[in-house]
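Undergrad: all I have is the shape, not the residue letters:
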């Protein structure tokens, strides 16, 4: 799924996602490093998974596909969104966060809770930050994915973010195992 989303960033339809990332100041190399992508409209991931013979119920459990009970049909869970893969400590993709390009809600859509992905137990950007956090004995927690990626691009590699609206005790405990005193740097909005 991650490779599919990455490949879609280089299509004509994906250009709007590229333009968004450029407006936010991100370089192509940064997008490549963080494996950013684009989820197009039209069930492209579904077709790819079907062509590979992947079990669709498993894909539903992983938050890649959804089943419309009234129409009795499968569809992509993410579409028309910039895609941010969420990695475990070993840089394996365990979920996604997708940001809408147009106005609408929800602005960010995360993968649902699965056996692999628990939003309140993960930090966005952690595998890219963990070595620097340990070396500097400092972690900076910011609000969003773009904040993390922009800070890394600027050389601040000890930056992470929670996944969603709340910073949990488990996320704080995770950081306390890596450094003495994490610095919280959240937006000032309500």
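TA: Okay, I see it. Predicted, not measured: the structure shown is a model, and the values here were computed from it.

Undergrad: so which helix or strand of this protein has the lowest pLDDT on average?
TA: strand 108-110 (a mean of 93; mean pLDDT, DSSP states H and E).

Undergrad: so for the very next helix or strand once past it, mean pLDDT?
TA: Moving toward the C-terminus from strand 108-110, the next helix or strand (DSSP states H and E) is helix 126-136. The predicted model gives helix 126-136 an average pLDDT of 98.

Undergrad: so what touches the very next helix or strand once past helix 126-136?
TA: Toward the C-terminus, helix 126-136 is succeeded by strand 140-142 as the next helix or strand (DSSP H and E). Strand 140-142 has contacts (Cβ atoms under 8 Å, 6 or more residues apart in numbering) with 123, 148, 151, 156, 158-162, 167, 175, 182-186. For glycine as for every other residue, the C-beta is placed from the backbone atoms N, C-alpha and C.

Undergrad: which of those residues are buried?
TA: Buried residues within these, defined by neighbour count using 16 or more other Cβ atoms under 10 Å: 123, 148, 151, 158, 159, 160, 161, 162, 167, 175, 182.

Undergrad: and the least confident of those?
TA: For those, the pLDDT minimum is residue 167, 92.

Undergrad: wait, that residue touches residue 184, no?
TA: Yes - Residue 167 is within contact range of residue 184, at 7.5 Å (criterion: Cβ atoms under 8 Å).

Undergrad: just give the number of residues close to residue 134.
TA: Neighbours of residue 134 under the rule other Cβ atoms under 10 Å: 14.

Undergrad: and the residue nearest to it when sequence neighbours are not counted, what is it in contact with?
TA: In space, and not counting its chain neighbours, residue 134 is closest to residue 178: 5.7 Å by Cβ to Cβ, 6 or more residues apart in numbering. By Cβ under 8 Å, 6+ apart, residue 178 lies in contact with 130, 133, 134, 139.

Undergrad: what helix or strand is the residue most central in space within the chain located in?
TA: For the chain, the residue sitting closest to the mean C-alpha position, by Cα atoms, centre = their mean, is residue 84 at 3.0 Å. According to DSSP H and E, residue 84 maps onto strand 81-87.

Undergrad: could you check the angle that strand makes with helix 126-136?
TA: 50 degrees (axes from the mean of the first three to the mean of the last three Cα atoms, to 10 degrees).

Undergrad: hang on, the earlier thing: max pairwise distance over the contacts of strand 140-142: which two?
TA: Farthest apart among these by Cβ to Cβ are 156 and 167. That separation is 18.6 Å.

Undergrad: residue 30 contacts residue 154, correct?
TA: No - judged on Cβ under 8 Å, residue 30 makes no contact with residue 154 at a distance of 10.0 Å.

Undergrad: higher neighbour count, those two?
TA: Per other Cβ under 10 Å, whichever of residue 30 and residue 154 has more neighbours is residue 30, with 16 against 11.

Undergrad: over to that one: give its phi and psi.
TA: The phi and psi values for residue 30, taken as degrees, to the nearest 10, are phi -60, psi -40.
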